[in-house]
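>>> what's the 3D shape of this:
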Amino acid sequence: MTITNDIQYIGVNDHQIDLFEGQYTVPNGMAYNSYVIMDEKTAVMDTVDKNFTQEWLDALSTALAGRKPDYLIVQHMEPDHSASIGFFMNAYPEATVVSSAKAFAMMKNFFGTDYADRRIVVGEGDTLKLGKHILTFVTAPMVHWPEVIVTYDAYDKVLFSADGFGKFGALDVEEDWACEARRYYIGIVGKYGVPVQSLLKKAAGLDISIICPLHGPVLTENLDYYINLYDIWSSYQVESEGIVIAYTSVYGNTKAAVELLAETLKKKGCPKVVVNDLARCDMAETVEDAFRYGKLVLATTTYNGDIFPFMKEFIHHLTERNYQNRTIGMMENGSWAPTAAKVMTKMLEGSKNLTFTEHNVKILSALNDASRAQIAALADELMRS
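Got it, this is the predicted structure:
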């Protein structure tokens, strides 16, 4: 793939993988992106996962067409991008590796060497001249590892954005960008909204025509759309109007209450009602929904004096990603001592700017007239808020 006259794509598609980072389902695989910049000197941008080292080296050799690379620029040390560093350095013994100081410390940990005799350490604002292409390095700590740098090529106006603007999915599969980019961002980067905001502010001062991420497609058009979404996600704003109901149910009574609430909300004209059974859904998809929409209803049973395990896991996923700026309603079910609402409220007490509904629902084993009336009141409040 040709990015510009001087920049070529040499990444790989992975359709062998079933769980990315050991937890995220990726039915359409993953892309591990790498690029080569051809000028008076030649720079390779990042490597790929160890399962694709030879495929990547072959693609690099084809792109080089007999030339030797001068530099390997390592922006991020996660093994899906760094695992082939040693193979590259062995294949091209005259090449120099360029990265941040923290990245070299990680190389020592991963590979037993920090390439002290073949390296250039770069930091904020440092440059590397290839010829007409002058690369400027921008530090991006905790987006989403501490060693991360991104790289700007002023000649072609390209931002090599590391894991920023990445998404799940291989490049030989057509799919909606936002859906899988959102799930990727919320799941993997979502905790680090403040560092992402800092990087976006730095990027705003650059004239960018192309974004080359380490996962997902190269972005060449309508860049404001992608940048705006990243701004929304990283500032924990509401992206879409709607209500998410996340629930667990043991014998179906809580499920019946959830279905009644969803039906009531739809009849009242709610633009979007998303219902997720936490025992059966993709947890990452439900977490994504909770961050996308502005209102969330948590419905679960009291279980061993606590809450049902899938609900506990879900709330942990929210809080560890700095869930905030949302409206929360609750439905609890308990046959003799319902405490689920109290437990869930306690779990969320460290989250910023959450508004809890005044009307919540208490079910004593099964729906009755009183709990049906509470559902109607909760629906009314959610539609007003």
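
>>> over to the nearest residue to Leu219 once chain neighbours are set aside: give its phi and psi.
Spatially, and ignoring its direct neighbours in sequence, Leu219 is nearest to Ile211 (4.2 Å; C-beta to C-beta, 6 or more residues apart in numbering). C-beta: built from backbone N, CA, C; applies to glycine. When read as degrees, to the nearest 10, the backbone of Ile211 gives phi -120, psi 120.

>>> cool, and Ala43?
phi -120, psi 130.

>>> count the neighbours of it for me.
25 (other C-beta atoms under 10 Å).

>>> how close does it get to Ser209?
Distance, Ala43 to Ser209, using C-beta to C-beta, to the nearest Å: 19 Å.

>>> how about the residue nearest to Leu219, what does it touch?
For Ile211, the contacting residues are 158-159, 161, 165, 218-219, 223, 226, by C-beta atoms under 8 Å, 6 or more residues apart in numbering.

>>> which one of those is nearest Met38?
Distances from Met38 to these, taken as C-beta to C-beta, are shortest for Val158 (13.2 Å).

>>> restricted to strands, list the contacts of Ile211.
158-159 (DSSP state E).

>>> can you tell me which of the contacts of Ile211 are buried?
158-159, 161, 165, 218-219, 223, 226 (16 or more other C-beta atoms under 10 Å).

>>> what would these look like in CSV with distance to Gly66 and pLDDT?
Output for the buried ones among the contacts of Ile211, formatted as CSV (distance: C-beta to C-beta, whole Å; pLDDT from 0 to 100):
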residue, distance to Gly66, pLDDT
Val158, 24, 98
Leu159, 29, 98
Ser161, 30, 97
Phe165, 33, 97
Val218, 25, 98
Leu219, 31, 98
Leu223, 35, 97
Tyr226, 36, 97
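
>>> what's the closest of these to Met1?
Looking across the buried ones among the contacts of Ile211 and measuring by C-beta to C-beta, the closest to Met1 is Val218, at 7.5 Å.

>>> ok, for the closest one, nearest residue in space, not its chain neighbours?
Here the residue nearest Val218, using C-beta to C-beta, 6+ apart, is Cys212, at 5.3 Å.

>>> cool, Lys191 as well?
Among residues not flanking Lys191 along the chain, Arg321 sits closest, at 4.9 Å (C-beta to C-beta, 6+ apart).

>>> would you map the helices across this protein?
53-64, 79-82, 85-91, 101-111, 177-184, 193-203, 223-234, 253-267, 283-292, 309-320, 340-347, 369-384 (DSSP state H).

>>> as JSON lines, those with distance to Gly125 would be great.
Below are the helices of the chain laid out as JSON lines (distance: least, C-beta to C-beta, whole Å):
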{"stretch": "helix 53-64", "distance to Gly125": "28"}
{"stretch": "helix 79-82", "distance to Gly125": "23"}
{"stretch": "helix 85-91", "distance to Gly125": "24"}
{"stretch": "helix 101-111", "distance to Gly125": "14"}
{"stretch": "helix 177-184", "distance to Gly125": "28"}
{"stretch": "helix 193-203", "distance to Gly125": "10"}
{"stretch": "helix 223-234", "distance to Gly125": "21"}
{"stretch": "helix 253-267", "distance to Gly125": "51"}
{"stretch": "helix 283-292", "distance to Gly125": "33"}
{"stretch": "helix 309-320", "distance to Gly125": "33"}
{"stretch": "helix 340-347", "distance to Gly125": "42"}
{"stretch": "helix 369-384", "distance to Gly125": "48"}
